[in-house]
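Q: fold the following.
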Amino acid sequence: MIPVLNNIVENIPEALSIYINQIVYDKKSRGERVYTYSLGEAFFDIPRFEISDHDWYWGYHYSSSMGLLSLRQKLSNLYKNYGVDINPENEILVSAGSKCLIYMVLQTILQQGDEVLVPEPAWLSYKEQIKLSGGVHVAVPWKESVQDWEKHITSKTKAIIINNPTNPSGKLFSKQEFEFLIGLAEKYNLFILSDEAYSDFLCDQDKFISFASFDKTKEHTIIVNSLSKNMGMSGWRVGYVVAHQKLIKQLLKLNQHIVTCAPTVLQDYMAQHFEEILFYTHPQAVKMAEKRQRVYEIMKEMGIKPMAGVGTFYFLLDVSEFKGTTNELVYDLLINHNIATVPGAAYGESTSQFIRFGIGVEDESTIKESLKIIKSFIDMPQYDNTKIKQQIKELGRQ
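A: Numbers count the residues shown, from 1 in each chain. Got it, this is the predicted structure:
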């Protein structure tokens, strides 16, 4: 008999978006055409740049656990565009993706039982990483404004996590909202962990503001970002955290024990070609935001109601009028129509009557046809769930 496992890990759910994408991969491996709106990335056209034999062979080996200084300098320069001064020597750390860095941050700042406010909709791993770090996840319903969040703060509150722009709604935080939040952080001595992974996915008229620009000393601010979304390199697993040097020093120890270093050859490649890659990727991120606006107009014409937002390449679609459950809708679309979306419940209890619909992969004509099918489900006068309940059971889902 296998020994008893950690009950905290056993009790957390798998990442639902990744589970659904595994079904997508399985269908594609069988030669099926799947209309993929569940994927958390946009496909960019990025040229291949040269890398010398010396740099390639050096990349076989370990490098600094802080991240290559040359790359940290490039990332620091990038944030100057957002009005944020970062000392590349001791205020930024690079590791194998921002996901593991958020976990390391939570491990570093939380004591057992500390509370973390997470406004919904929220990226699905925040909640589980908080639990794994001994913290208590406190959900803030999506209809509440930033000015309402203070009522959720207690003597145990240690941090607030924001995602700007937000995956999956596309919400862009304003200057006034950030001014209020830094006031809360100072009043209650909290950290604001700002996940800024989608900072480039905005139309020209929408301005991204980094939360760090409101906290010059970084005493209350932790910024996490990556190359995955903005630079279209999700497979490379390179992310970074910006914080006060005292926090970075503690994160460094965790990085040494857990990861050692981000991939050396990829860091070096990025450092050498950072500006060239941005030259190609930033305009494509803006074009994706413009595509999002056009798709929004299509939804508006169809009578589909997305949650308000302007950034990222996602929508949260209101499917509350569908006569079945949201899970039945998602799995019926996937199993029987090869349309892959993600249930809104993955992003919060208050968003359970929404589905996430990402536009990073499919073209606009395909998106329009898929939306017509989704709309037909929403408009059904009644829904017979007998078949889909059996199909869901066969997947091993409840």
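Q: shaky segments in the stretch 151-300 of the chain?
A: Within the stretch 151-300 of the chain, not a single segment meets pLDDT under 70.
Q: that one: strands as residue ranges?
A: 157-163, 191-195, 221-226, 239-242 (DSSP state E, counting those that start in this stretch).
Q: which one of those lies closest to Q284?
A: strand 221-226 (16.4 Å; CB to CB). Using the backbone N, CA and C atoms, a C-beta is placed for each residue, glycine as well.
Q: could you pick out the longest helix of the protein?
A: Longest helix of the chain, by residue count under DSSP state H: helix 264-302.
Q: and it, how far from the chain's centre?
A: Put simply, helix 264-302 sits 15 Å off its chain's centre (CA atoms, centre = their mean, to the nearest Å).
Q: that helix packs against which elements?
A: Counting contacts by 3 or more CB pairs under 8 Å, 6 or more residues apart in numbering; DSSP states H and E, helix 264-302 is packed against helix 53-58, helix 69-80, strand 305-306, strand 314-318, helix 364-378.
Q: could you check the angle that helix makes with helix 69-80?
A: 30 degrees (axes from the mean of the first three to the mean of the last three CA atoms, to 10 degrees).
Q: now the angle from helix 264-302 to helix 364-378?
A: Using the same axes, to 10 degrees: helix 264-302 against helix 364-378 is 60 degrees.
Q: in helix 264-302, what counts as buried?
A: Of all the residues in helix 264-302, those buried under the rule 16 or more other CB atoms under 10 Å are 264-274, 277-278, 281, 284-286, 288-289, 291-292, 295-296, 299.
Q: of the strands of the stretch 151-300 of the chain, which is nearest F313?
A: For F313, the closest of the strands of the stretch 151-300 of the chain is strand 157-163, at 13.8 Å, according to CB to CB.
Q: partner strands of that closest one and their direction?
A: strand 115-119 (parallel), strand 191-195 (parallel) (DSSP bridges).
Q: tell me the contacts of the spatially closest residue to T217 that is not a sequence neighbour?
A: Excluding the flanking residues, the one nearest T217 by CB to CB, 6 or more residues apart in numbering is H244, at 7.3 Å. Contact analysis of H244 by CB atoms under 8 Å, 6 or more residues apart in numbering lists 91, 217-219, 221.
Q: scan the residues you listed and report the most crowded one.
A: Counting neighbours by other CB atoms under 10 Å, T221 comes out on top of the contacts of H244 with 25 neighbours.
Q: I'd say that one and E196 touch.
A: No. Here T221 does not reach E196: they are 11.0 Å apart, not a contact under CB atoms under 8 Å.
Q: now for T325: which residues touch it?
A: N385.
Q: could you do A185 as well?
A: 160, 191-192, 215, 220-221.
Q: what's the mean pLDDT across the one helix or strand F357 maps to?
A: Assessed by DSSP states H and E, F357 sits inside strand 354-358. Averaging pLDDT along strand 354-358 gives 96.
Q: what's the answer for stretch 31-46, then?
A: 91.
Q: what touches both of T221 and E196?
A: Jointly contacting T221 and E196 under the rule CB under 8 Å, 6+ apart are F211.
Q: any chance of the helices and strands packed on helix 264-302 in CSV, plus mean neighbour count and distance to K156?
A: Compiled in CSV, the helices and strands packed on helix 264-302 are given as follows (neighbours: other CB atoms under 10 Å; distance: least, CB to CB, whole Å):
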stretch, mean neighbour count, distance to K156
helix 53-58, 11, 47
helix 69-80, 18, 32
strand 305-306, 18, 35
strand 314-318, 25, 30
helix 364-378, 16, 41
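Q: which stretch among those comes nearest N327?
A: Closest of the helices and strands packed on helix 264-302 to N327 is helix 364-378, at 12.8 Å (criterion: CB to CB).
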